[in-house]
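[1] Build me a structure from this.
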Amino acid sequence: MATGELGFRRNAAEVFVARVLVVFILVATNVVVTRKLSTSARGVYALVVALPVMLQMLAGLGINQANIYYVSRATRVRDVVVNSFYLCFIIGAALLLLAWGIHPQLLRTLLRGMGVGYFFLIVALMPLSFMDLFFTGVIQGLQKFRLFNTRRVWVAGVNFAAVIVGVVILGRGLTGAIAALAVTIFATAAMFFVIVVRFDGFDLRPDLPLAGKMMRYGGKSYLASLASYLSYRLDVYLLTFLVDLKKVAYYAVAVSMVEILWYIPDSIGVVLFPRLSATQSESEVHEFTAQVCRLTLLITVASAAVIALLGRPLIVLLFHKRYLPSADPMWLLLPGAVSMAVYKILWRNFSGRDRQHVTVVASALALAMNVGINLWLIPRLGASGAAIASTFSYTFGTAILLVVFVRQSGLGYRDTLVVRRADLREEWAWIRGRLARSGGGGV
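    Residues are numbered from 1 along each chain as shown. Next up is the predicted model:
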């Protein structure tokens, strides 16, 4: 087994373990917020928490993906950091001006129920949110995955502590929960600015030619990422617009249960993307992608079966029996979440080879399907209609990427999706080796 593959497995395992820890912290945070807020306030909180992530996708221009790609290819870190720093505030200022012009329409439609103060608080913090996003790309490109993991645990931990203070100790309800989010964004950006600058210093001169390359690469990634993100987030806003906030809250709980499955391909993809970007041989890129894809799919299917069996009692245990209506959309989301495991791995293959036009087409077509089915089913089925739309669109987008990958790689569908005995033997040998080293005090 090659040393590089051992390092990949170790890094992916550590990213996943950190992600599991983050899941526990996030679940604890969601439990506190859900139990302390009314159902309608919980729906508003779901909108506010989703807003900075949505704005990162709408205005981030794919710069974080460009940072991973160029740092992986040995571009000077200082130049990437300085360019990213300026872009944070340029994009943030443009976003604030745009938000000022369109906020009345947004708050009457897609963000109905969100106060204007909450809206502009998040928009004003977006330069710091972009800083965290872009600098995380630098860390990932450097393959400093332990620092990457520290950042994730830090964000979840700070937010949980701030929620306890604002919601439980001070009793400020929705305002306390949103203030906790603001504190988390500020603390994370400040911490990681200091850390990233220490890698290679900082100066005031941007590298304009590199900035142009970052914008071009990022632009292609941006279109694909934006369409994909909208495919699995727009349903929340369409629910807000078409039905009442209680159904938004039910759907938010269902999504929080199912999204646990995405931590598997996301954790693996964190390590996979810089690895593929730095690999020159396309045949090696394809073979490694296929191996990772079939193993990831197996793990995701097994995890989905556990959620299908235990999801309903867990909803009662963690949130409250009044959230039992979340069970139906949760079950309907599971097949789509499994298909997304394949999508997220294949996505890294195309991005690592600078072939994002494939992901742009797949994600755009999936988004169009998602919107159409949502507009048809949400008025009839509410949260369950949104879940059905998501599952169909996720599966459709995955099918497109899979067909193109098979044609370009020369590998078969079975090679990409069905785990081999050799794969299982390799993984078992690696696990036994890790356990033996741990038992012997090794690292």
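[2] What distance do you get for Leu223 to Val316?
    In this view, Leu223 and Val316 are 41 Å apart by CB to CB, to the nearest Å. Placement of C-beta: from N, CA and C, glycine included.
[3] quick one, which of the two is more surrounded?
    Leu223 (19 against 13; other CB atoms under 10 Å).
[4] these two touch, right, that one and Ala362?
    No: counting by CB atoms under 8 Å, Leu223 sits too far from Ala362 to count as a contact (11.2 Å).
[5] Next up, the contacts around the residue nearest in space to the middle of the chain.
    The chain has Asp266 as the residue nearest its centroid, 7.0 Å off, counting by CA atoms, centre = their mean. For Asp266, the contact set (CB atoms under 8 Å, 6 or more residues apart in numbering) comprises Arg19, Lys344.
[6] where's it, which helix or strand?
    helix 263-277 (DSSP states H and E).
[7] how far does the very next helix or strand once past that helix sit from the chain's center?
    Of the helices and strands lying after helix 263-277 in sequence (DSSP H and E), the nearest is helix 282-318. The chain centre lies 15 Å from the centre of helix 282-318; the measure is CA atoms, centre = their mean, to the nearest Å.
[8] Does anything pack onto helix 282-318? Which helices or strands?
    helix 3-36, helix 245-258, helix 263-277, helix 327-352, helix 383-409, helix 413-417, helix 421-439 (3 or more CB pairs under 8 Å, 6 or more residues apart in numbering; DSSP states H and E).
[9] Please tabulate these in JSON lines, including the columns distance to Met215 and mean pLDDT.
    Formatted as JSON lines, the helices and strands packed on helix 282-318 follow (distance: least, CB to CB, whole Å; pLDDT from 0 to 100):
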{"stretch": "helix 3-36", "distance to Met215": "28", "mean pLDDT": "76"}
{"stretch": "helix 245-258", "distance to Met215": "32", "mean pLDDT": "80"}
{"stretch": "helix 263-277", "distance to Met215": "18", "mean pLDDT": "81"}
{"stretch": "helix 327-352", "distance to Met215": "16", "mean pLDDT": "89"}
{"stretch": "helix 383-409", "distance to Met215": "25", "mean pLDDT": "91"}
{"stretch": "helix 413-417", "distance to Met215": "33", "mean pLDDT": "89"}
{"stretch": "helix 421-439", "distance to Met215": "39", "mean pLDDT": "65"}
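[10] out of the ones you listed, which comes closest to Val197?
    Closest approach to Val197 among the helices and strands packed on helix 282-318 (CB to CB): helix 263-277, 20.5 Å.
[11] The closest one to helix 327-352, inter-axis angle?
    If you take axes from the mean of the first three to the mean of the last three CA atoms, to 10 degrees, helix 263-277 sits at 10 degrees to helix 327-352.
[12] Direction-wise, compare helix 263-277 with helix 3-36 and give the angle.
    Computed by the same axes, to 10 degrees, the angle separating helix 263-277 from helix 3-36 equals 140 degrees.
[13] Double-check Gly137 against Gly62; I have them as touching.
    No: counting by CB under 8 Å, Gly137 does not reach Gly62; the two are 9.7 Å apart.
[14] which residues touch Val258?
    By CB under 8 Å, 6+ apart, the contact set of Val258 is Ile307, Met330, Leu333, Leu334, Ala337.
[15] pLDDT below threshold where in the stretch 101-250 of the chain?
    For the stretch 101-250 of the chain, the stretches with pLDDT under 70 are 232-233, 244-245.
[16] and if we set it to 90?
    101-126, 129, 131-159, 162-163, 165-250 (pLDDT under 90).
[17] just the helices in the stretch 101-250 of the chain please.
    Assigned by DSSP state H, counting those that start in this stretch, the stretch 101-250 of the chain shows helices spanning 116-124, 126-141, 145-163, 173-200, 208-231, 234-242, 245-258.
[18] could those helices go into a markdown table alongside distance to Leu375?
    Formatted as a markdown table, these follow (distance: least, CB to CB, whole Å):
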| stretch | distance to Leu375 |
| --- | --- |
| helix 116-124 | 25 |
| helix 126-141 | 29 |
| helix 145-163 | 33 |
| helix 173-200 | 29 |
| helix 208-231 | 14 |
| helix 234-242 | 7 |
| helix 245-258 | 15 |
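[19] mind checking which of the ones you listed is nearest Asp354?
    Set against Asp354 and scored by CB to CB, the helices of the stretch 101-250 of the chain come closest in helix 208-231, at 6.9 Å.
[20] Off-centre distance for stretch 144-162?
    15 Å.
[21] The residue lying closest to Leu314 once chain neighbours are set aside and Ala304: what is the separation?
    Leaving out its chain neighbours, the residue that sits closest to Leu314 by CB to CB, 6 or more residues apart in numbering is Met257, at 7.0 Å. In this view, Met257 and Ala304 are 11 Å apart by CB to CB.
[22] more crowded one of the two?
    Taking neighbours as other CB under 10 Å, Met257 and Ala304 compare with Met257 leading, 26 against 21.
[23] what residues are up against the more buried one?
    Ile307, Gly311, Leu314, Ile315, Ser326, Met330.
[24] measure it to Tyr323 for me?
    In terms of CB to CB, Met257 sits 10 Å off from Tyr323.
[25] Identify the contacts common to the two.
    Both Met257 and Tyr323 are contacted by Ile315, under the criterion CB under 8 Å, 6+ apart.
[26] and the two most separated of the contacts of Met257?
    It's Ile307 and Ser326 that sit farthest apart of the contacts of Met257, by CB to CB, at 12.3 Å.
[27] higher neighbour count, the two?
    Shown here are Ile307 and Ser326; by other CB under 10 Å, Ser326 has more neighbours (25 against 19).
[28] pLDDT wise, what is that one at?
    Among the per-residue scores, Ser326 holds a pLDDT of 84.
[29] Verify the stated contact: it with Ala383.
    Yes: counting by CB under 8 Å, a contact exists between Ser326 and Ala383, whose distance comes to 7.5 Å.
[30] shared neighbours of those two, anything?
    Tyr250, Tyr251, Ala254.
[31] Looking at those residues, which is nearest Tyr229?
    Tyr251 (16.6 Å).
[32] so how far is Gly382 from the closest one?
    With CB to CB as the criterion, Tyr251 and Gly382 are 8 Å apart.
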